[in-house]
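> Quick one, what's the 3D model for this:
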Amino acid sequence: MRSSKKLTLGVVLALGLMAAPAVAQSPVALSDTALRKQIIADGIAAYPAPCPCPYSIAPNGGRCGAKSAYSRGAVFAPKCFVEDISKADLMQKRQISYQR
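I've put the predicted structure just below:
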């Protein structure tokens, strides 16, 4: 009797472990607000210089303000505010996320 319970438990655990990677890899649908915040964070993280956004902290400890790439209109400036992200940006980010 005991060995059949152990076997059943072992089978259940094995099936659970086999299903775990499929669950972990499925994309989680984020809300528009959460996705906008993620786009902003990704853009800031990818920016190679110290002052991507006006609210970023400059190397001297102050705010970047008008010296930021965003304020200067730099070509590769990240999107720093929720209002900067269009529906098209959201759709593109979702498409990229689901392709992974």
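> what's the burial count for residue 50?
Other residues near residue 50 come to 14 when the count uses other C-beta atoms under 10 Å. (C-beta placed from N, C-alpha, C; glycine too.)
> I misspoke; the intended subject was residue 64.
With other C-beta under 10 Å as criterion, residue 64 counts 22.
> Isn't it up against residue 56?
Yes: shown here, residue 64 and residue 56 form a contact pair, counting by C-beta atoms under 8 Å, at 4.6 Å.
> what residues are shared contacts of the two?
Contact criterion C-beta atoms under 8 Å, 6 or more residues apart in numbering; residues shared by residue 64 and residue 56: residue 50.
> give the contact list for residue 33.
residue 82.
> Give me the below-cutoff pLDDT ranges for this structure.
1-28, 99-100 (pLDDT under 70).
> Just give me the residue right at the centre of it.
residue 38 (4.4 Å; C-alpha atoms, centre = their mean).
> Not counting sequence-adjacent ones, nearest residue to that one?
residue 30 (6.8 Å; C-beta to C-beta, 6 or more residues apart in numbering).
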